[in-house]
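[1] Give me a 3D structure for the following:
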Amino acid sequence: NANITGLGDEYIDFENNYFDITVTAESGDTESYRVNVYKNYDLTLKELKVIDLSNEVELELDQPFDPSITEYNINVDDTVEQVSLDAIANALNTTVQGNVEYTLQTGDNQFTVNVIGKDNNKTSYVININRVISDNNYLKELYADEGPFDIEFDKNTQRYTIILPFETESINITAIPENP
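    Next up, the predicted model:
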């Protein structure tokens, strides 16, 4: 009967763990085997939040956050101009990259959060944010440097009159959009 040593429950740490198994025959001849057990890091997120920086409100992902899902979509209106990503890793022995503030462009925006292990392997979470194009075509303000309008400004009124003295040679009218 051969005798085997090196078996049993062994503690394993992250990355490489080497276990030597030796088989000794009845004759005394031995053969050694080496088993490398590589334990991966937990490269998942525990939490992922996207915050609208104008009001510190968390934006809703297209589906509930799940560490195994690595891509999310968000639709926002044109008033959301800047967001921050707040991601927390499941494991302490990892690094999270991408927890920063981003300025949104109109249309599609894509941001990535990476969870990186000490062995430089990583898991990437992609956040797609679609910022819709504004259809607001109202003015916030309308005024002139010469003379008053005949009526008080109202964004829903489209016609105004200014009566100027005959010696006036120029006028500067300023209009400020409601949604710059």
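
[2] can you count the residues close to residue 112?
    13 (other Cβ atoms under 10 Å). Every residue, glycine included, has its C-beta placed from N, CA and C.

[3] wait, I meant residue 74
    18.

[4] Quick check: beta-bridge partners of it?
    With DSSP bridges applied, residue 74 shows beta-bridge pairing to residue 129.

[5] Contacts only, for it.
    50, 59, 60, 61, 62, 127, 128, 129, 130 (Cβ atoms under 8 Å, 6 or more residues apart in numbering).

[6] pLDDT value on the fourth one, please?
    Which is residue 61. According to the prediction, residue 61 has pLDDT 97.

[7] Please tell me how far it sits from residue 145.
    49 Å (Cβ to Cβ, to the nearest Å).

[8] repeat for the last one
    Noted for residue 130: a distance of 41 Å to residue 145, by Cβ to Cβ.

[9] mind checking how far the residue lying farthest from the centre of the chain is from residue 2?
    Within the chain, the residue lying farthest from the chain centre (Cα atoms, centre = their mean) is residue 27, at 64.6 Å. Here residue 27 is placed at a distance of 10 Å from residue 2 (Cβ to Cβ).

[10] Check residue 102 too.
    In terms of Cβ to Cβ, residue 102 sits 63 Å off from residue 2.

[11] go on, residue 16?
    28 Å.

[12] Residue 72 too?
    Relative to residue 2, residue 72 is positioned 55 Å away (Cβ to Cβ).

[13] These two: who's more crowded?
    Shown here are residue 72 and residue 2; by other Cβ under 10 Å, residue 72 has more neighbours (19 against 11).

[14] residues near the nearest residue to that one once chain neighbours are set aside, how many?
    Spatially, and ignoring its direct neighbours in sequence, residue 72 is nearest to residue 61 (4.5 Å; Cβ to Cβ, 6 or more residues apart in numbering). Burial of residue 61 is recorded as 16 neighbouring residues (other Cβ under 10 Å).
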